[in-house]
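S.K.: I'll drop the sequence and a predicted model, then ask my questions.
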Amino acid sequence: MKHNSMDQNGGFDPGSASADYAKYCDIYPFGMYEMLSRFGIGAAGQRILDLGSGPAILPLGMAYTRAQFVASDIAEDQIALGARITRDQGIFNIDFRVCAAEDTGFPDNSFEAVTAVQSFPYFDAERAAEEIHRILIPGGLFCIVTVDRMPPEEEAIAGLEALLKKYDPQGSMRNFGKYRYTLPAWMENRFEIATIHSFNVISCMTRETWLERIKDCRGACAEMPTETAAAFEEEYRRLLADRPEPLKIMHDIHIEIYRCDKA
């Protein structure tokens with residue numbers, strides 16, 4: 001199954017590389033999870049639905065909080081992989097559901113919090129907001145997390161941006177820049193702002209880990225035809241070859257939390 005709302009080259013297939021995605025996509029620092037807990041996401045026993053969860057990246061990262069998570073995604077392969085990881089790790093406070101953010105199938109007032117990490121832009125915002133408002137309890141929290149790579153202060157990022165423009169100029173991840181918050185139209189008559197918070201973090205990675213992450217990233221190689229992706233990988237691998245390890249990749253993490261406004 002494919003996401004098409006942001007992807008311009010036929011859609012990104014989130015299930016096509018599930019195992020690699022699970023291996024390389026968890027770049028979120030523990031401090032981010034601590035901050036979410038501080039803002040009311042992740043209390044013990046709290047019922048939380050994670051939308052666009054992939055192989056349960058956020059629920060796995062926050063399982064220690066003893067909140068009760070449901071990891072949901074339209075990609076059956078990723079949900080199956082997440083379920084297998086939780087079994088292997090002996091984690092029992094994460095359930096799984098294959099569903100769309102716009103139509104989860106849960107009853108009204110099912111959750112105290114809903115999260116969407118790096119996934120909300122791929123949803124139909126208006127329909128998803130209506131569904132989230134329906135399944136949240138009154139006063140429940142909806143949390144959007146966005147992780148942006150910073151502009152090319154880091155040479156590895158500068159080279160990546162140039163190569164993405166070269167090999168796939170119409171793709172969805174071609175211009176790196178600072179995040180700018182704008183008040184979303186979908187929150188009207190549904191939500192009020194609880195918290196808007198941004199911070200920077202440096203992720204240290206080997207060249208291979210960084211390359212594999214980019215290969216599996218929606219907006220990068222995952223959108224390219226196979227031959228184009230192979231040519232991109234070869235040239236980017238050469239560019240990275242003389243970069244000292246670990247690569248220090250700056251990321252900008254943005255947390256938006258909205259409170260459900262209903263009786």
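M.R.: Structure received.
S.K.: Surely residue 160 touches residue 213?
M.R.: No - look at residue 160 against residue 213 with CB atoms under 8 Å: they stay out of range, at 10.7 Å. The C-beta positions use only the backbone N, C-alpha and C, and glycine is treated the same way.
S.K.: of these two, who's got more company?
M.R.: residue 160 (24 against 21; other CB atoms under 10 Å).
S.K.: State the pLDDT value of the more buried one.
M.R.: Note for residue 160: predicted pLDDT of 80.
S.K.: ranges for the helices of the protein?
M.R.: Here the chain has its helices, by DSSP state H, at 18-24, 30-38, 57-62, 76-89, 125-135, 155-167, 207-215, 226-240.
S.K.: Wait, residue 83 touches residue 92, no?
M.R.: No - the criterion here is CB under 8 Å, and residue 83 misses it with residue 92 at 11.6 Å.
S.K.: of these two, who's got more company?
M.R.: Between residue 83 and residue 92, residue 83 has the larger neighbour count (other CB under 10 Å), namely 16 against 10.
S.K.: Leaving out sequence neighbours, find the closest residue to the more buried one.
M.R.: Nearest residue to residue 83, sequence neighbours excluded (CB to CB, 6 or more residues apart in numbering): residue 96, at 5.0 Å.
S.K.: Mutual contacts of residue 160 and residue 213, please.
M.R.: Common contact partners of residue 160 and residue 213 (CB atoms under 8 Å, 6 or more residues apart in numbering): none.
S.K.: Any idea how far stretch 73-93 is from the middle of the chain?
M.R.: Here stretch 73-93 is found 16 Å from its chain centre; the criterion is CA atoms, centre = their mean, to the nearest Å.
S.K.: One more: stretch 205-217?
M.R.: 16 Å.
S.K.: Grab the CA positions of it and hand them over as PDB.
M.R.: In PDB, the C-alpha atoms belonging to stretch 205-217 read as follows (Å, rounded to 0.1, in the frame of the first residue of the first chain):
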ATOM      1  CA  MET A 205      26.100   7.500  12.800                       C
ATOM      2  CA  THR A 206      28.500   5.400  10.800                       C
ATOM      3  CA  ARG A 207      28.600   6.100   7.100                       C
ATOM      4  CA  GLU A 208      26.900   2.800   6.400                       C
ATOM      5  CA  THR A 209      24.100   3.400   8.900                       C
ATOM      6  CA  TRP A 210      23.500   6.900   7.500                       C
ATOM      7  CA  LEU A 211      23.500   5.700   3.900                       C
ATOM      8  CA  GLU A 212      21.100   2.800   4.700                       C
ATOM      9  CA  ARG A 213      18.800   5.300   6.500                       C
ATOM     10  CA  ILE A 214      18.700   7.500   3.400                       C
ATOM     11  CA  LYS A 215      18.100   4.500   1.100                       C
ATOM     12  CA  ASP A 216      15.000   3.600   3.000                       C
ATOM     13  CA  CYS A 217      13.700   7.100   3.600                       C
END
